[in-house]
Every structure is written in C-alpha cells, then in structure tokens.
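3D model of this:
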Amino acid sequence: MSELNLLALSAVLLAALLLISLLGLAWYSGLLCEVTVRSGPPPIRAFTLAYKYKQGPYREAGRLFTEITSIAPKLSSVGIYYDHPKQESEDKLRYIAGSILSEGDEKPSEELVKLFEKFGFKIISFPEVTHVVMTSFPFTTFLSLFIAMYRVYPVLNNYIKAAGLSGPSTAVAGFPTCVMMSF
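Purely as a prediction, here's the structure:
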C-alpha cells in the first residue's frame, strides 16, 4: 500500500471516529430523549435559596452558575427565568440563579447562609407550590443545556398554551436530571 493510500485511509478512519464520538456525545447528552410534559406536584417542596438577581441575556446565566458551584459544589442549583425571551428585549430579561440551602421545614445552616452572603447572595424562602407543569431532561454534559433549550422549552410552552395556562416563570433545577417547571 502506498503512503498516500495509507494516509487517506488514516484520515477517513480518524474522521469516522470523530463523527461517531460526536454522535455518541449528542446521544448521551439527551438528543434522542423523549420529552414528556406533565402537571402535578413539583419534585421539590418549600425551599430556602441563596440567590443573585440579574437582568440581561439569559446566556450570561452560566457565569452565575459557575460562581454558585465554586462556592458550594455539592448543593443543587436553581435558575428562575421570569420573562419569555421572544416577548422581551434581551437587555430586559430577568432571572435569578442560586443554590438550595434547605428544603421543607429544615432550616438552612448558618454557616452556609453566611458564606453565600459574604459573596453578595441574598437569602429567600419559597413556599411550597402545589401544582406545576414540568418535564425532566438528562443533565449529563454541558451540551445537555443547549439541547434542552431547543427541544424542551418549545414542548413545555406548547403544553401550557394548549391547556390554556399562563406560566411566565420557569424554574430549572438540575443534577443529574434537569427538571423544568412552569408555575
């Protein structure tokens, strides 16, 4: 076999391996997962949240989640998005992102509260919600977030419209499954 043929074969095999790897990553990230929407009690009860409020493009929320996980990597993160990005200008989109400090009747650790307050986070307690529209999606890679934005939000919004509901707020709670709720 000539060197040119060997080089061409190596390039084809490398391209095939790369393509298979990318398809595997997309599959693992949830590309082919079924999106099922349901309504009922939420997977989380009343909770206390350490959060920061931001206004601006939702794509900038990632920086805030990075800050949150650097402070307390083992806590669950939550994002609450108040506006529909197609109905509001990007600079006026409002959201909060934070970490769940406690659930139910449990009081948050004073140590955790002080730690988050030291970094400029505010503390708020959310009451228990009895009924939400929700779906879940695997959060296995960073790519999962982008797949969810394009696959899950349209299905969730269509369900809300078809049921004649209004749900301007969407909460996203993650790890290892991303649960999206509208309330």
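
Asp105 and Glu60, how far apart?
Using CB to CB, to the nearest Å, Asp105 is found at 35 Å from Glu60. Using the backbone N, CA and C atoms, a C-beta is placed for each residue, glycine as well.

now do Leu18
Taking CB to CB, one finds Leu18 at 31 Å from Glu60.

if we can go back for a sec, who has more neighbours, Asp105 and Glu60?
Glu60 (13 against 7; other CB atoms under 10 Å).

wait, is that one part of a helix?
Yes: with DSSP: H, G, I helix; E, B strand; the rest coil as the criterion, Glu60 is part of a helix.

how far away is the nearest residue to it once chain neighbours are set aside from Pro108?
Nearest residue to Glu60 in three dimensions, chain neighbours excluded: Lys54, at 7.1 Å (CB to CB, 6 or more residues apart in numbering). Relative to Pro108, Lys54 is positioned 22 Å away (CB to CB).

any idea how far the helix or strand Lys52 falls within is from the middle of the chain?
If you go by DSSP states H and E, Lys52 is part of strand 47-55. Put simply, strand 47-55 sits 15 Å off its chain's centre (CA atoms, centre = their mean, to the nearest Å).

could I get the full set of strands for this protein?
Using DSSP state E, the strands of the chain run over 38-40, 47-55, 77-81, 94-103, 122-126, 132-138, 170-173, 177-182.

closest to Ala8 out of these?
strand 132-138 (38.1 Å; CB to CB).

what residues does Arg151 make contact with?
Contacts for Arg151 (CB atoms under 8 Å, 6 or more residues apart in numbering) come out as Gly30, Leu31, Cys33, Val35, Phe137.

do you know how far it is from Thr36?
Relative to Thr36, and taking CB to CB, Arg151 is found at 12 Å.

again with Phe142
Phe142 is 23 Å from Thr36, by CB to CB.

same question for Ser29.
For Ser29, the distance to Thr36 - CB to CB - is 18 Å.

looking at those two, which one has more neighbours?
Ser29 (21 against 11).

what pLDDT is listed against the residue nearest to that one when sequence neighbours are not counted?
Distances taken as CB to CB, 6+ apart place Leu143 nearest to Ser29, at 4.1 Å, with adjacent residues excluded. For Leu143, the pLDDT comes out at 78.

circling back to that earlier point, dump the contacts of Arg151 to CSV, plus pLDDT, neighbour count and distance to Pro41.
CSV is the format used below for the contacts of Arg151 (pLDDT from 0 to 100; neighbours: other CB atoms under 10 Å; distance: CB to CB, whole Å):
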residue, pLDDT, neighbour count, distance to Pro41
Gly30, 82, 24, 24
Leu31, 83, 14, 29
Cys33, 84, 16, 23
Val35, 84, 17, 20
Phe137, 79, 24, 19
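
and which of those is nearest to Leu7?
Leu31 (32.7 Å).

no further questions, thank you.
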